[in-house]
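[1] Sequence isn't available, so here's the structure alone:
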């Protein structure tokens, strides 16, 4: 079984949620049917290394 090569899309088409994608070799200036795909924001949580210490009384 042969492996499928991942398709490369134009930068504008990569950000679109529609299925009318163009190849990366095509130069697209604007697209009338462009709809930006939603982006999920991630918040990195930074914790100090190790276990938390017990509070002294």
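    That came through, no problem. Just so you know, these numbers come straight off a predicted model, no measurement behind them.
[2] Would you state the strands of this protein in chain order?
    According to DSSP state E, the chain carries no segments that qualify as strands.
[3] Report the separation between the residue nearest in space to the middle of it and residue 50.
    In the chain, the residue lying closest to the centroid (Cα atoms, centre = their mean) is residue 39, at 7.3 Å. Separation of residue 39 from residue 50 (Cβ to Cβ, to the nearest Å) stands at 34 Å. (Each C-beta comes from the backbone N, C-alpha and C, glycine too.)
[4] same check, this time on residue 57
    21 Å.
[5] Report the residue spans of this structure with pLDDT below the cut-off.
    Low-confidence segments of the chain, defined by pLDDT under 70, span residues 1-2, 5-6.
[6] same thing but 50
    Scanning the chain for pLDDT under 50 picks out nothing.
[7] okay, residue 57 and residue 50: which has more neighbours?
    Between residue 57 and residue 50, counting by other Cβ atoms under 10 Å, residue 50 is the more crowded of the two (6 against 3).
[8] count of neighbours near residue 25?
    Neighbour count for residue 25, taken as other Cβ under 10 Å: 7.
[9] oh sorry, the question was meant for residue 53
    A count of neighbours around residue 53, defined by other Cβ under 10 Å, yields 7.
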